[in-house]
Every structure is written in C-alpha cells, then in structure tokens.
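Engineer: how would this look folded up:
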Amino acid sequence: MKKRLDSINSPSDIKKLTIPELTSLSEEIRERLILTLSKTGGHLGPNLGVVELTLAMHYVFDTPTDKFVFDVSHQAYIHKLLTGRRERFETMRQPAGLNGFMMRSESEHDAYGAGHAGTALSAALGMAVARDLAGGKEHVVALAGDAAFTNGISFEALNNIADQTRRMIVVLNDNEWSIDRNVGAIARYLHKIVTNERVTHLHDSASRLLEKLGGKTALNVVRRAEEAAKGMLWPSVFFEEFGLTYYGPLDGHNLELLIETFQFLKTQDRPVLLHVITQKGRGFQPALDKQKKFHGLGPYDPETGETKSVGQPTYSEVFANTLVKLADGNDKVVAITAAMPNGTALDLFRPHHPQRYFDVGIAEEHAVIFAAGLATQGFKPFCAIYSTFLQRAFDPIVHDVCLQNLPVVFCMDRGGLSGDDGATHHGLFDISYLRSIPNIVHMVASDEDELADMLYTAMLHEGPSAIRYPRGTGPDVKLKAHPEAIPIGKAQVIQDGEDVAIFGLGALLPMAGELATELESRGHSTAVINPRFAKPLDREMVAKYAQKVSVMVTFEDHVLMGGFGSAVLEAISEMQFDVPVVRIGWPDRFIEHGKVDQLRARHGVSVEAALEKLEPYLKKANRSRLVTR
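Structural biologist: Purely as a prediction, here's the structure:
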C-alpha cells in the first residue's frame, strides 16, 4: 500500500490534505525518521518532537517565498522531507548525501544555513528588515528551541526586533532540552509559564470563548483578557518587554490548533512570539526514555533503540575521568561546559564534584569570561568546549584570558574532523586562531595517555593553555597510574633518521609512522617526531633536523593555512635554513560531511598524498647521494 508521504513532493501537496490526513502523515513521518536514522544515525529526538509543528508551518506558509530560519537546524529533517528531498532522505549525513543541517546550496527552501545555536533570530531579523526595505510581503519565521535563549546572540536579537522590523514571527519550541536538560534562569522562567495552573486555565477559557464567538472580535476580546491576566500573574511578561506580542503556551502536537494559530499570526502587523510545548523524542519510547542519547547518535536498532557499544573509552571519557582524578587531589580544579555535559563527557565529572561543575548553557563567550573570573581568585578552570564552538569565544580568549595571562585551560573536543556533522562542526581552525595569541600554550594529544599528561601539565601551568583531541576513540593506549608533566614546548623523538624528518601532530602521528615505514623500505633513513605542542613550537628540534635532512614533512588534522606546518615554515625561515617542507593537512576550503577516511583520501590528507609531494625531493636527494659516492 502506497504511503501518503510518498505523494508529498513539495509543500503545495501538504495544503491539499485534511486535518485527519495530516495527522496520519505525521505518523508516517515519524516512522520514516525512526527507520532511516537507525541506518544513518542523526538527530532523531529533536526531529520527532517537531513533526506537527513543521507540518503546520508548511501548511500555512509558502516557502521558498516565505522564509523559515531554523536555529541550529538539526531539527529540519521533516522540512527536508517536505521540500522535494524525500527520495534522497536515505542519504542523510552520508557521503555526497543530504546534510544534517540546513544548507542554502542544497535547496531553495533552505533560506539560511546553520549548525551553531543562537543564530536564528538575528538572521531572521536581517531577512525581515531586507523585506521591509524592498517593500516585500513575505513572512519570516524563526524557529528556535528554548536552549537557544540561553545564548547571548538571541538576546541581542530580541533587543532589536521590535525596533527594526514591523513584522516577524518567532516560534519558541520549548521541550526543556538542548542536548542535556536546559539550565539557568531562562529555563526556570519558561517552566514557570508552562506549569502555572492559572495560565493553563486562561488558555482553556480562551479556547472555549473562541469556539463560541469566533471571528476577529473574539480574538480581540481574548487578547485583552490574556494581557490583563498576564499583568496580574507577573509584573511584566518577559518577551513583551522586548516588544514581541506573546502567544502561548500551546500544545506543539495539536495540528489543528497550530494551523489556526499560524493563520492568525499571518494577519498580525507586528513582531510576535508563539510559545509551543513539544515532546523531544515523541513517538519512539527509547528516545523518550534516553533523551540525551537520542539527541544525536549513530545507527541503532529501530525496535529497541540499542546501539553498539564502543568498548574502549573515548577521548572525551579519558578527559573527564582524568579531570576527576586531578580534582580529587586539587580543590581548585573546576569544570565548565556550555550545555554539552554529555558530548564532552563532563557528566562523568559531575557526580564526583557537583559543587565544582558548572553548565552555563549555550553561552561560550560567558563560559570563557566566567572561567577568567574564577582564575583571578586562584581557581583552575577547565573549559570543555568543542573546537568549532570555541570559535565563538575568540574575543574573550584574547581579551579576558590571554591578555591577563590567566590559568584557564581550554579542552577542545572534536579537534579535527567531526565526520558526519560536516563543515559547521569540523574543528579545523583552532591552531590558526589560537597560536597568534600571546601567552597561550597549545597542546595536541596523540593518544589517551598523552592527553592525561597534558591535562596534568595544564593544571600545573600558570598561564592560559589549550588541549585539542579528536572525536571518538584513540589508539587504545593504556594510561599510567599517575599522569606526568610534559616540559612546555618540547617535542618527542619517536625514531631518529638522517634523510627525511616527519612531524606527525596529534591524531596523525600514526600516519607519520606509516610514511616512515614506506620511506625506510625505499632506503631513506627517516625520523619521526611527535611535536606535542603547536605553540610554543620546539624550535631546537626543528633546527636539529633542518640542518641534516633533505626534506621535512608535517602532518596535521587542521587546515594548512596558519596551522602547524605554517609554524614550522616560519621557524625555518627565521632561522635561515633552506630545507624544503612538505605540508599535509586540510585545504583552504570548508570540508563537506562524510566518513573521515574517505574525506582524508579525497582531500590529500594521506600517506599517498605525502609520497606524491615528496617524490621530487626524494629524487633530488638520490641524485645527490650518487654524486657524493
């Protein structure tokens, strides 16, 4: 029997359906989500929660003329299903397939690309103002989760919306979760609205009045009644103080109510905010039971939700477990996360030292300045933030931490590719954006034990430091009973050699070893060095090999522009050596999503690429050797 979803090729097809047919379609969509993502992985929980909401938006509005801006956009899978990408849905997050986030290059219906939180309101305001300036009539709808309102950018946008545009719709999708449960005053405020019995009674009464009276007059009466009631409940209603007319909270799974409300909001010539309550993971019990796990995950059993166990600890888990031990012996150690306790594994730290664990919400800039404040009072803050998200806090790193030379430690998870998540989540820029800052020490772990040593080194260091480590598991190196301090700025020689020197930074040290083995088999004496530090660079080690080898090679899981290889070139130039350097790293472009090994092969981050680039220098070295003989 043909599914109703199979006949949906564009949003116009949705508008032909009745409410019962839309309800049936919502169940088919959930089934498609659960079965497809069980094979590809992805953000299951967030998308299960916005099925009816997305259907209602497309039923009432007309994309691509009307603009939908999804905050983060990891909850836009249903939007993709409904906008001509249904037949490609099984390629979600696969090489050359659909991206897990909105991409303007993927569809005209994707009005704005995203991947980081807190951007929707600002971007939507820009579109609304552009429409106003051009005299357009299209609608602009920003859909943001409650977690996005813990982000400072969202508040900067709220501060400007009413002053800068005459018409815009903000949808607050409230499910109490980002990846972990939301924290802070905003989360408590929204919970207060939702759980207040008088608000529930007010909206029940309003619904009954609308049913009896109908029409614009009833809406005006209800609106005035709501305003009066909210004035009695609270001295001021938060969003209305920003100039947005507040509606809600509504049941985010009631299709008929959502459609009627959106049709009404289309008529409003003012900025409005609709507060909807949704259930993250709705329709799949494992996703309801384990909301953190099903926010975003790899393949799973579509019946039970079970996933394959990795077995060995991930780098994130090694980080968290080591930090627990450091905190056991040092009461000044504190841990800070920006709404990512699960992703950074700090949820393993929290039970051991709950008073020294801080989740500040999706607020990376605040996290860094908060850490700086702690550091001024003698504490040792460890900020666990993904490399890609730490980019958002660049100014506080420079101005508040490094300028004051404060002992804050930046633990940069996902340093390198983040595979299936794509360009918005790859951590390929942190060496470039950090090594130009005075005072900071930048360490790069090559295995789990070295990560533990670097954390211990950072705890002892009296200035700012950063440690990058990749997503997932490492080479499964056993940790020492007690970590050891590493001399700041000192590289490690893995093997000595006379012809070629290979510097393999962090996760690519094994690749350096593979290249050395191949070169040794061809008769080239090869040195392998573990740099350990992107800053300060071990210039003595660089000079040692620059004076005796015919060519040097650098490997890094980072862009070549301004990265570790650039630091080596700068040092060689300053020390006036003329040895050539072959640099292996990521090109000057945004890297697409895909499997890490395939992406490395495609973009020349490989032993084969290194051999190809080395060939002219090896031939020259061979000729010189023959002449010498």
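
Engineer: got a list of what the residue sitting nearest the centre point of the chain touches?
Structural biologist: Nearest residue to the geometric centre of the chain (C-alpha atoms, centre = their mean): H425, 5.0 Å. Counting by C-beta atoms under 8 Å, 6 or more residues apart in numbering, H425 touches G115, Y386, T388, R414, S418. Backbone N, C-alpha and C define where each C-beta goes, glycine included.

Engineer: quick one, what contacts the second one?
Structural biologist: Contact analysis of Y386 by C-beta under 8 Å, 6+ apart lists M340, G343, T344, M412, D413, R414, S418, H425, G427.

Engineer: and if we set it to 6 Å?
Structural biologist: D413, R414 (C-beta atoms under 6 Å, 6 or more residues apart in numbering).

Engineer: any idea how far it is from C411?
Structural biologist: Remark: distance between Y386 and C411 (C-beta to C-beta, to the nearest Å) = 10 Å.

Engineer: Out of the contacts of H425, which sit inside helices?
Structural biologist: Counting by DSSP state H, the contacts of H425 place T388 in helices.

Engineer: For the contacts of H425, which entry has the maximal number of neighbours?
Structural biologist: Within these, neighbour counts (other C-beta atoms under 10 Å) peak at R414, which reaches 28 neighbours.

Engineer: Domain-wise, how is this structure divided?
Structural biologist: 4-286, 315-468, 493-628 (automatic domain parsing).

Engineer: Specify the local secondary structure of the nearest residue to V333 once chain neighbours are set aside.
Structural biologist: In space, and not counting its chain neighbours, V333 is closest to A327: 4.1 Å by C-beta to C-beta, 6 or more residues apart in numbering. Assigned with DSSP: H, G, I helix; E, B strand; the rest coil, A327 falls in the helix class.

Engineer: Count the neighbours of A327 for me.
Structural biologist: A327: 21 surrounding residues under other C-beta under 10 Å.

Engineer: helix/strand/coil for M552?
Structural biologist: At M552 the chain is in strand, as set by three-state DSSP.

Engineer: For it, give me its contacts.
Structural biologist: For M552, counting by C-beta under 6 Å, 6+ apart, the contacting residues are A501, V579, V581.

Engineer: how about a cut-off of 10 Å?
Structural biologist: Applying C-beta atoms under 10 Å, 6 or more residues apart in numbering, we find M552 in contact with 500-503, 527, 529, 542, 545-546, 565, 568-569, 572, 577, 579-583, 617.

Engineer: again, but for T165
Structural biologist: So T165 contacts A124, L125, G126, M127, A128, V129, A130, R131, D132, V140, R270, P271 (C-beta under 10 Å, 6+ apart).

Engineer: just to revisit the earlier point, adding mean pLDDT and distance to K478 as columns, could you present the domains of the chain in CSV?
Structural biologist: Below are the domains of the chain laid out as CSV (pLDDT from 0 to 100; distance: least, C-beta to C-beta, whole Å):
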stretch, mean pLDDT, distance to K478
domain 4-286, 84, 29
domain 315-468, 97, 7
domain 493-628, 94, 17
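
Engineer: tell me the most buried of those?
Structural biologist: Mean neighbours per residue, mean count of other C-beta atoms under 10 Å, is largest over these for domain 315-468, with a mean of 22.

Engineer: Verify the stated contact: G136 with T65.
Structural biologist: Yes. The pair G136 / T65 is scored as a contact, 9.0 Å apart, by C-beta atoms under 10 Å.

Engineer: Dump the domains of the chain into TSV; add distance to D476 as well.
Structural biologist: As requested, these are exported to TSV (distance: least, C-beta to C-beta, whole Å):
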stretch	distance to D476
domain 4-286	23
domain 315-468	7
domain 493-628	12
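
Engineer: right, so of those, which gets closest to K480?
Structural biologist: Among the domains of the chain, the nearest to K480 by C-beta to C-beta is domain 315-468 (6.1 Å).

Engineer: The closest one: end-to-end distance?
Structural biologist: 10 Å (C-alpha to C-alpha, to the nearest Å).

Engineer: Would you list the phi and psi of A335?
Structural biologist: Main-chain torsions, A335, degrees, to the nearest 10: phi -120, psi 140.

Engineer: make that I437, sorry
Structural biologist: When read as degrees, to the nearest 10, the backbone of I437 gives phi -90, psi 130.

Engineer: Report the spatially closest residue to it, excluding sequence-adjacent ones.
Structural biologist: Nearest non-adjacent residue to I437 (C-beta to C-beta, 6+ apart): C402, at 4.8 Å.

Engineer: Would you mind measuring from that neighbour to F410?
Structural biologist: C402 is 10 Å from F410, where distance means C-beta to C-beta.

Engineer: Find residues that contact each of these two.
Structural biologist: Common contact partners of C402 and F410 (C-beta under 10 Å, 6+ apart): L434, I440, P464.

Engineer: Looking at those residues, which one is closest to E556?
Structural biologist: E556 lies nearest to L434 out of those, by C-beta to C-beta, at 13.5 Å.

Engineer: For the contacts of H425, could you give me TSV that also reports distance to R282?
Structural biologist: As requested, the contacts of H425 are arranged in TSV below (distance: C-beta to C-beta, whole Å):
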residue	distance to R282
G115	24
Y386	27
T388	29
R414	29
S418	27
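
Engineer: rewinding a little: please report the distance of the residue nearest to I437 from Y469.
Structural biologist: From C402 over to Y469 (counting by C-beta to C-beta), the distance is 21 Å.

Engineer: Could you identify the most distant pair in the contacts of H425?
Structural biologist: Going by C-beta to C-beta, the pair spanning the contacts of H425 furthest: G115 and R414, at 12.5 Å.

Engineer: you'd agree G415 is up against I467?
Structural biologist: Yes. Using C-beta under 10 Å, G415 is in contact with I467, at 8.4 Å.

Engineer: intersection of neighbour lists for those two?
Structural biologist: Common neighbours of G415 and I467, counting by C-beta under 10 Å, 6+ apart, are V444, A445, G506.

Engineer: Phi first, then psi, for the first one.
Structural biologist: Translated: V444. According to degrees, to the nearest 10, V444 has phi -130, psi 120.

Engineer: can you tell me which residues contact it?
Structural biologist: Here V444 is in contact with 412, 415-416, 430-431, 450-451, 454, 466-470, 505-509, 530-535, 556-558, 564 (criterion: C-beta under 10 Å, 6+ apart).

Engineer: Spell out the secondary structure type for the nearest residue to Y246 once chain neighbours are set aside.
Structural biologist: Nearest non-adjacent residue to Y246, counting by C-beta to C-beta, 6+ apart: F239, 4.7 Å away. Secondary structure state of F239, per three-state DSSP, is helix.

Engineer: got it, and I259?
Structural biologist: helix.

Engineer: Verify the stated contact: it with I19.
Structural biologist: Yes. Here I259 reaches I19: they are 7.6 Å apart, a contact under C-beta under 10 Å.

Engineer: Now the common contact residues for the two.
Structural biologist: Shared contacts of I259 and I19, defined by C-beta under 10 Å, 6+ apart, are found at Y59.
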